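Peer 1: Prediction below, plus the sequence it came from.
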Amino acid sequence: MQDRARADKLWHRVAVLCAVAIAFGAVAALTRGREPRPLKEAAPDGFALLLRDPALQAALAGIEAAEPALLDDQVAFTEIPAPPFGEEARAARLKQVFEALRLRNVRIDAVGNVIGERPGLAPRPNLVVAAHLDTVFPEGTRVKVTREGPVLRAPGIADDGRGLAVLVGVARALERGGVCTPGTITFVANVGEEGLGDLRGMKHLFGHELHGRVDAFVSIDGTGHGITNVAVGSRRYRVTFTGPGGHSFGAFGTVNPAHALGRAVAAVADFAVPHAPKVTFNVGRVGGGTSVNAIPEATWFEIDLRSADEAALASIDARFKDAVERAVRRENARWAAGRIDVAVELVGNRPAGRTSEDSPIVKTALAVSRALGLPASLGEGSTDANVPIALGIPAITVGGGGHSSGAHTLAESFDSTDSWKGTARVTALVFALAR
């Protein structure tokens, strides 16, 4: 109770200071005859000086000591199943945490994103900080975490159990330090980052829930200290072949959807692709048929095509579709009975793009890492940041610290050695950008 009372008193003091600052800013703006202009990303020059800001020092002061509790949060979040399109239970828990952190206007939106706002001196600039709720693992996957010293093991413990923990850790650090930022920070635990989720959480957030009200975006995804500024786009398809089917012996000579599928997959497997820009393809799932002694009536496969270059992505997309059509023609020409038909369904469409290395948000992220003595490198990936990047909104994805292995496998693990440095880095980055 005493801790709760102290927290309430601290938040009240911060709220009063922010209210006074907002009022002062509004009066000053009116005396100049114009409205306050939303700030964009913090300029990176002189971040070493910003590190000496008493407010930031207060926020960073307790992060290392608080890391064990944050790891407990990481475990707790991970042990709540969040399969694709099944994030509700984990979302409910994050909503409770957001409310306990005194975030404002905490809510779950129409698609399942958990949103909470930390008001600053003004509504803008509005920095959105996010981590995704969902995992790649299907319903029923065992997600109990085991501990071996500093190593945590469980499916989803790093991706994105770590991101969710750091998201909460940043909000806690700002509250603990009594920080009042010039701009507003909106915290989001979003759905639909993985697989066929197709970034549905981000698409709704930027297209509806926060449309036109986001000035910069940071996603916390996975581990380490990398900075992703290049968005790898993807096209994902489900390809279904259908035919009359029949007995494997009695109807032999009838077109076979499984053979047509095999022809298409074999053609794709032989694609030659460039290394620069990097282009990839993967047939990830295959299904269909009823019995080993039956010609199937239907078969299907799912394919993932990727590149950070839109033109290269369009090229591999066209080649894939041509390979499917040729496979159908060859199967139909091979046998006299029946006809193969094919349906190519787009089930995922992630835009490609880039946040320039010269942009203030990227320069700020690099400056923060260097000032804290951490590695500073840029990379590419397919993350929640793809959506704002494609919209021209300054956006990056950063790791949450620590180290991981076995991502997207049942053997996924997280090494928490010095993982607090990741929480500190993201806290400092958020402090710098919300100015």
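Peer 2: That came through, no problem.
Peer 1: What pLDDT is listed against the residue lying farthest from the centre of the chain?
Peer 2: Distance from the C-alpha centroid of the chain peaks at Gly250, with 51.4 Å (CA atoms, centre = their mean). In this prediction, Gly250 carries a pLDDT score of 97.
Peer 1: Excluding residues flanking it in the chain, which one is nearest Asp53?
Peer 2: Among residues not flanking Asp53 along the chain, Phe431 sits closest, at 7.7 Å (CB to CB, 6 or more residues apart in numbering). Just so you know, the C-beta spots here come from the backbone N, C-alpha and C atoms, and that holds for glycine as well.
Peer 1: Give me the neighbour count for that neighbour.
Peer 2: Here the number of neighbours of Phe431 (other CB atoms under 10 Å) works out to 26.
Peer 1: That one against Ala59, yeah?
Peer 2: Yes. At 6.5 Å, Phe431 counts as touching Ala59 under the criterion of CB atoms under 8 Å.
Peer 1: got any residues that touch both of those two?
Peer 2: Common neighbours of Phe431 and Ala59 (criterion: CB atoms under 8 Å, 6 or more residues apart in numbering): Leu174, Val179.
Peer 1: now the helix or strand encompassing the residue nearest to Asp53, how far from the centre of its chain.
Peer 2: Using DSSP states H and E, Phe431 falls within helix 420-433. Centroid separation for helix 420-433 versus its chain: 18 Å, with CA atoms, centre = their mean, to the nearest Å.
Peer 1: let's have the chain start at 316 instead
Peer 2: Fine by me, first position is 316 from now on; the one you just mentioned is helix 735-748.
Peer 1: for it, what is the average pLDDT?
Peer 2: For helix 735-748, the mean per-residue pLDDT is 97.
Peer 1: Check stretch 636-654 too.
Peer 2: pLDDT averaged over stretch 636-654 gives 98.
Peer 1: Run through who's touching it.
Peer 2: Residues outside stretch 636-654 that contact it (CB under 8 Å, 6+ apart) are 554, 556, 558-559, 566, 568-571, 574-576, 578-579, 582-583, 586, 655-657, 659.
Peer 1: ok, and for that stretch, which residues are buried?
Peer 2: Buried positions in stretch 636-654, judged by neighbour count with 16 or more other CB atoms under 10 Å: Ala638, Val639, Ala642, Val643, Glu646, Asn647, Trp650, Gly653.
Peer 1: Doesn't the fifth one belong to a helix?
Peer 2: Yes. Residue state for Glu646 (DSSP: H, G, I helix; E, B strand; the rest coil) corresponds to a helix.
Peer 1: where's it relative to Pro592, distance?
Peer 2: 33 Å (CB to CB, to the nearest Å).
Peer 1: for the first one, same thing?
Peer 2: Relative to Pro592, Ala638 is positioned 21 Å away (criterion: CB to CB).
Peer 1: ditto for the fourth one
Peer 2: Val643 sits 30 Å away from Pro592, going by CB to CB.
Peer 1: swap in Gly455?
Peer 2: Distance from Gly455 to Pro592, by CB to CB: 39 Å.
Peer 1: what about these two, which has more around it?
Peer 2: Pro592 (17 against 8).
Peer 1: Now that one: phi and psi?
Peer 2: phi -70, psi 150 (degrees, to the nearest 10).
Peer 1: Give me the spatial nearest neighbour of it, chain neighbours excluded.
Peer 2: Using CB to CB, 6+ apart, the closest residue to Pro592 is Asp624 (3.7 Å).
Peer 1: Need the pLDDT of that neighbour.
Peer 2: For Asp624, the predicted pLDDT is 94.
Peer 1: Could you do Ala680 as well?
Peer 2: Note for Ala680: predicted pLDDT of 96.
Peer 1: Pull out the buried residues from the host helix or strand of it.
Peer 2: Following DSSP H and E, one finds Ala680 within helix 675-686. Within helix 675-686, the residues scored as buried using 16+ other CB under 10 Å are Pro675, Ile676, Val677, Lys678, Thr679, Ala680, Leu681, Ala682, Val683, Ser684, Ala686.
Peer 1: any weak-confidence spans in the stretch 316-465 of the chain?
Peer 2: Scanning the stretch 316-465 of the chain for pLDDT under 70 picks out 316-361.
Peer 1: Apply 50 and report the result again.
Peer 2: In the predicted model of the stretch 316-465 of the chain, residues 316-359 satisfy pLDDT under 50.
Peer 1: Helices of that one, start to end?
Peer 2: Along the stretch 316-465 of the chain, counting by DSSP state H, counting those that start in this stretch, helices occupy 317-346, 362-365, 369-376, 378-393, 403-415.
Peer 1: Quick check: the residue nearest to Pro559 when sequence neighbours are not counted vs Arg621, distance?
Peer 2: In space, Pro559 comes closest to Gly653 once its chain neighbours are excluded; the distance is 4.3 Å by CB to CB, 6+ apart. Distance, Gly653 to Arg621, by CB to CB: 35 Å.
Peer 1: Next: Leu365.
Peer 2: Distance of Leu365 to Arg621, computed by CB to CB: 37 Å.
Peer 1: go on, Pro709?
Peer 2: 23 Å.
Peer 1: In terms of neighbours, single out the busier of those two.
Peer 2: Per other CB under 10 Å, whichever of Pro709 and Arg621 has more neighbours is Pro709, with 25 against 20.
Peer 1: Now do the same contact list for that one.
Peer 2: Per CB under 8 Å, 6+ apart, neighbours of Pro709: Lys355, Glu356, Asp530, Ala531, Phe532, Thr670, Ser674, Pro675, Ile676, Pro703.
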